[in-house]
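[1] what would the 3D arrangement of this be:
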Amino acid sequence: MSVDHGTYKQRRKKASEFESRAAYLEHELSIMDLKRWRVHLPFRDFGIEIEDWVPAIAATIGKVVMVTAMVAAFAAQFGLSQEFVAENVRFELLIAGLLFVVFFSAILNPLSNLAGTHGPMIPLIPLIAAAGGHPLALGIMVGVFGLILSASKGGSRLVNLTGEGVRGGLLIYLGAVGLIGQLNKFESWSVSSGLDAVSFIVILTTIVIYAYLAKVEKRWLAIPLCSLIAGVVAYIMGVPFEFVTEPGLPNMSPFFWWGENTGWQLGWPQLEHYIAVIPFAILAVAMWSPDFLGHRVFQELNYPKSAKGALMNVDDTMAVCSIRQMIGAGLGGGNLASSWGTYMIPAAIAKRPIPGGALLTGLLCVLAAVLGFPMDLAMWEPVLRVALLVGVFLPLLEAGMQMVKCSRNSQSAGICMFACALVNPVFGWALTMLLDNLGLIGNKERADSLSRTDKLIIPATAVIVCVGALALVGQLPGIPALLN
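    Below you'll find the model as predicted:
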């Protein structure tokens with residue numbers, strides 16, 4: 001067997017043999033031959049490089065933030081304490097780090113992105129509770145519907161049917177809205193803390209550093225470097241910080257978490273709880289496709305064309321998220337799963353495949369859960385906001401703009417952003433995909449090449465499911481919820 005057609009280990013070369021670090025990293029991606037549902041081992045099937053720490057750090061910060069927000073939203077509806085929130089977040093970090101990040105995304109199927117947190121569902125949690133929903137019932141139903149979509153290959157089919165203009169518009173919208181939202185939150189926090197100038201100085205410093213890193217083609221350093229400098233600048237300007245979370249381990253018994261007087265204090269769900277969460281579970285899974293699409297596209301934009309063997313498998317990622325959702329909820333966790341954006345986007349920028357950083361992410365999640373105090377640092381406002389800005393939303397905005405290169409794509413992108421702004425990204429994506437595939441907007445030649453199923457039936461079904469789910473839970477502007 002020749003080296004050119006051998007295993008990853010046989011084809012690997014030393015970094016010193018390449019003219020630049022970028023060339024070495026692209027070579028690493030091009031020789032990846034990751035398999036679905038096979039055991040992979042570090043240094044035999046994939047390497048671990050210093051760049052892998054970047055997505056690992058970003059992912060851990062994002063995980064702490066997003067799970068805290070989600071569990072706190074549930075706790076507010078069920079009258080649970082802050083102590084409950086802290087312990088459940090710790091438990092979720094252990095579930096993610098020990099059971100899923102390492103076992104699935106690093107070893108068993110490194111073509112599946114890490115199972116993270118479904119942020120768009122957080123605003124719907126009060127509606128879920130008001131409808132009589134139960135967190136465990138919701139988690140199980142999301143997992144069931146997700147497995148159905150994965151088994152039918154629906155996720156990858158929808159990704160392939162999304163035109164370039166629609167993809168670009170979706171990424172631009174997600175990046176711009178997220179960026180503006182993070183800036184507004186940081187400014188509001190700064191004003192409420194009595195340190196009005198902190199947000200301006202920190203963000204101005206971040207802009208200068210990010211611009212320089214982009215110039216020297218070192219954007220993969222943006223998260224650790226910008227976050228570090230943001231923390232230092234804020235501390236020098238008088239922003240207080242202290243470590244308050246002590247080391248420890250959470251209760252790991254599902255009988256504790258689902259007891260009637262312990263944990264969630266809700267007991268085990270009954271049949272009516274499962275019925276109540278069905279429309280919310282359908283909506284959660286419907287929202288997966290544009291989310292997963294963005295992450296896959298980001299890899300395609302940053303990886304070399306020869307890196308086919310390292311690209312995320314959308315259907316497998318849906319399967320892993322579904323399994324993680326059911327097991328995590330069964331154990332007592334309060335997370336709703338989706339593709340882990342704060343991992344995938346920095347990993348793509350750093351030109352790294354999924355498995356190496358997944359191992360490090362699992363390690364950092366476990367350390368944060370056990371030690372406790374890293375959670376304080378990840379939640380500190382200057383570090384948190386800057387990490388999300390340079391690690392997620394600004395790269396999304398840049399990637400979307402790269403995809404809009406002609407008037408046909410710009411037309412589809414503009415309509416997509418318009419529709420997203422009218423309702424939300426899942427509505428905008430589904431509606432614009434239908435219009436684009438019918439040839440009413442965008443690339444007419446592409447539309448003419450599609451079969452009737454791809455042009456009309458699948459996109460129309462996606463619109464009906466998405467709009468129906470949104471209507472049931474009252475997410476269409478001006479239309480009362482159909483589900484009382």
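
[2] so where is the stretch 151-300 of the chain shaky, pLDDT-wise?
    Nowhere does the stretch 151-300 of the chain drop to pLDDT under 70.

[3] should've said the stretch 1-150 of the chain
    Applying pLDDT under 70 to the stretch 1-150 of the chain flags the ranges 1-5.

[4] which stretches of it form helices?
    Per DSSP state H, counting those that start in this stretch, the stretch 1-150 of the chain carries helices over the ranges 8-11, 21-30, 53-78, 82-94, 125-130, 135-151.

[5] swap in the stretch 201-350 of the chain?
    Under DSSP H, counting those that start in this stretch, the stretch 201-350 of the chain gives helices at 222-236, 254-257, 271-286, 288-302, 314-331, 341-349.

[6] out of these, which one sits most buried?
    Burial of these is given as mean neighbour count (mean count of other Cβ atoms under 10 Å); helix 341-349 ranks first at a mean of 29. All C-beta atoms are positioned from the backbone trio N, CA, C, and that covers glycine.

[7] got a list of contacts for that one?
    52, 54-56, 58-59, 61-63, 66, 113-114, 116, 219-220, 222-223, 291, 294-295, 298-299, 301-303, 312, 353-354, 357-358, 361, 387-388, 391-392, 395-396 (Cβ atoms under 8 Å, 6 or more residues apart in numbering).

[8] scan this protein for its longest helix.
    Longest helix in the chain, counting residues (DSSP state H): helix 164-192.

[9] which neighbouring elements make contact with that helix?
    Secondary-structure packing of helix 164-192 (3 or more Cβ pairs under 8 Å, 6 or more residues apart in numbering; DSSP states H and E): helix 197-215, helix 288-302, helix 381-388, helix 394-403, helix 407-422, helix 425-438.

[10] so which of these is nearest Pro123?
    Closest approach to Pro123 among the helices and strands packed on helix 164-192 is made by helix 425-438 (12.9 Å; Cβ to Cβ).

[11] dump the C-alpha coordinates for the helix or strand just after the closest one into CSV.
    Once the chain leaves helix 425-438, the next helix or strand it forms, by DSSP states H and E, is helix 444-448. The C-alpha coordinates for helix 444-448 follow below in CSV (Å, rounded to 0.1, in the frame of the first residue of the first chain):
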residue,chain,number,x,y,z
LYS,A,444,-33.4,30.0,-12.3
GLU,A,445,-31.1,27.5,-14.0
ARG,A,446,-30.6,25.7,-10.7
ALA,A,447,-34.4,25.6,-10.1
ASP,A,448,-35.0,24.2,-13.6
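
[12] what is the mean pLDDT for helix 444-448?
    For helix 444-448, the mean pLDDT works out to 90.

[13] give me the residues contacting that helix.
    With contacts defined as Cβ under 8 Å, 6+ apart, helix 444-448 is touched by Gly163, Arg408, Asp436, Asn437, Leu438, Gly439, Lys455.

[14] OK, contacts around Ala276?
    Contacts of Ala276 by Cβ under 8 Å, 6+ apart are Ala131, Gly132, Gly133, His134, Ala137.

[15] please, a ChimeraX command that selects the buried ones among the residues you listed?
    Buried residues among the contacts of Ala276 (16 or more other Cβ atoms under 10 Å), as a ChimeraX selection:
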select :131,133,134,137
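
[16] which one of the contacts of Ala276 is nearest Val101?
    Once Cβ to Cβ is applied, the member of those that ends up nearest Val101 is Ala137, at 25.3 Å.

[17] wait, isn't that closest one in contact with Leu271?
    No: between Ala137 and Leu271 there is no contact under Cβ atoms under 8 Å: 9.1 Å.

[18] for stretch 90-98, buried residues please.
    In stretch 90-98, counting by 16+ other Cβ under 10 Å, buried: Arg90, Phe91, Glu92, Leu93, Leu94, Ile95, Ala96, Gly97.

[19] go through these and name the one nearest Ile48.
    Gly97 (16.3 Å).

[20] excluding sequence neighbours, find me the nearest residue to the closest one.
    In space, and not counting its chain neighbours, Gly97 is closest to Cys365: 3.2 Å by Cβ to Cβ, 6 or more residues apart in numbering.

[21] residues near the one you found, how many?
    When neighbours are defined as other Cβ atoms under 10 Å, Cys365 has 27 of them.

[22] same question for Leu41.
    Other residues close to Leu41 by other Cβ under 10 Å number 11.

[23] which residues touch the nearest residue to it once chain neighbours are set aside?
    Spatially, and ignoring its direct neighbours in sequence, Leu41 is nearest to Ile107 (7.5 Å; Cβ to Cβ, 6+ apart). Taking Cβ under 8 Å, 6+ apart, we find Ile107 in contact with Val39, His40, Leu41, Pro355.

[24] tell me the phi and psi of Val216?
    When read as degrees, to the nearest 10, the backbone of Val216 gives phi -90, psi 10.

[25] kindly provide the distance from it to Phe100.
    36 Å (Cβ to Cβ, to the nearest Å).

[26] between the two, which one's more packed in?
    Phe100 (25 against 8).
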